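**Q** build me a model:
(chains A and B)
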Amino acid sequence: NAGVTQTPKFQVLKTGQSMTLQCAQDMNHEYMSWYRQDPGMGLRLIHYSVGAGITDQGEVPNGYNVSRSTTEDFPLRLLSAAPSQTSVYFCASSPRTYETYEQYFGPGTRLTVT
Amino acid sequence: KQEVTQIPAALSVPEGENLVLNCSFTDSAIYNLQWFRQDPGKGLTSLLLIQSSQREQTSGRLNASLDKSSGRSTLYIAASQPGDSATYLCAVKGSWGKLQFGAGTQVVVTP
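**A** Predicted structure coming up:
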């Protein structure tokens, strides 16, 4: 198993550009989520999905869009990048939503918006 | 709303000392609590997972306790080594599988 993979590892965008951060898992996990990590603030939940075709907003969803057409993939779209979206983005997955499984994290994508 | 706090924000200890890291949370309705390690510029490595029904969990030099009623967890690292230098994060799993993270404790172990 490759686990949770994320691409790209690094990205620089100009304000107003759009892009998609890719996340994939090969463990047949039901639950997937996106977090952003900013200095001194820990990780904050952006969006999550409890299964293919089902997504919902987390704590900081503004400026981001998600969809989940397959169990394996959960891309995060930045619609019009802003400097405030400069952050490190982590994707995570877990076998089930409600049961007491741990979450597995990808290696992260470092995004800089100039 | 669940709030997770980690104190202290930073800690420096000489090699060989035991490390004690604290995590507190405001809502006891959790599924589990997970401790992570993060090295600079890297992702999160899961260290220990404690289910809500458990009191503690151990792995090698690591021991984590959970007191759900008082909203506290403690991570103990015995006989610290320079390789233990990292940021340690705790996270509680609540409704809809959401993880709520603390801001972390940055640990430096000096030789």
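**Q** and for whichever strand in chain A runs longest, what's in contact with it?
**A** The residue-count maximum for a strand in chain A (DSSP state E) belongs to strand A:42-51. Contact with strand A:42-51 is made by A:30-38, A:55-61, A:64, A:66, A:68, A:71, A:74, A:76, A:89-90, A:97, B:4, B:89, B:91, B:96-104, as judged by CB atoms under 8 Å, 6 or more residues apart in numbering or on different chains. Placement of C-beta: from N, CA and C, glycine included.
**Q** tell me which helix or strand comes right after that strand.
**A** strand A:54-57 (DSSP states H and E).
**Q** check whether that next one contacts chain B.
**A** Yes. Applying CB under 8 Å from any CB of the partner chain, one finds strand A:54-57 in contact with chain B at residue A:56.
**Q** list the buried residues in that strand.
**A** Of all the residues in strand A:54-57, those buried under the rule 16 or more other CB atoms under 10 Å in any protein chain shown are residue A:55.
**Q** how about residues contacting it?
**A** In this structure, residues lying in contact with strand A:54-57 by CB under 8 Å, 6+ apart are A:47, A:48, A:49, A:50, A:66, A:67, A:68, B:96.
**Q** adding neighbour count, distance to residue A:106 and pLDDT, write these out as TSV.
**A** Output for those, formatted as TSV (neighbours: other CB atoms under 10 Å in any protein chain shown; distance: CB to CB, whole Å; pLDDT from 0 to 100):
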residue	neighbour count	distance to residue A:106	pLDDT
A:47	23	15	97
A:48	26	14	95
A:49	22	15	95
A:50	19	18	92
A:66	23	15	98
A:67	15	18	96
A:68	20	15	97
B:96	14	20	78
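**Q** now the longest strand of chain A: how far from the chain's centre is it?
**A** Per CA atoms, centre = their mean, to the nearest Å, the displacement of strand A:42-51 from the mean C-alpha position of its chain is 7 Å.
**Q** ok, now stretch B:103-111?
**A** Mean-position distance between stretch B:103-111 and its chain equals 12 Å (CA atoms, centre = their mean).
**Q** what sits up against it?
**A** For stretch B:103-111, the surrounding residues in contact (CB under 8 Å, 6+ apart) are A:40-42, B:5-15, B:17, B:19, B:21-22, B:38, B:80-89.
**Q** any low-confidence regions in chain A?
**A** Applying pLDDT under 70 to chain A flags residues A:99.
**Q** change it to 90
**A** Scanning chain A for pLDDT under 90 picks out A:1-2, A:39-42, A:96-103.
**Q** which among the contacts of strand A:42-51 end up buried?
**A** A:30-37, A:55, A:58, A:60-61, A:64, A:66, A:68, A:71, A:74, A:76, A:89-90, A:97, B:4, B:89, B:91, B:97-104.
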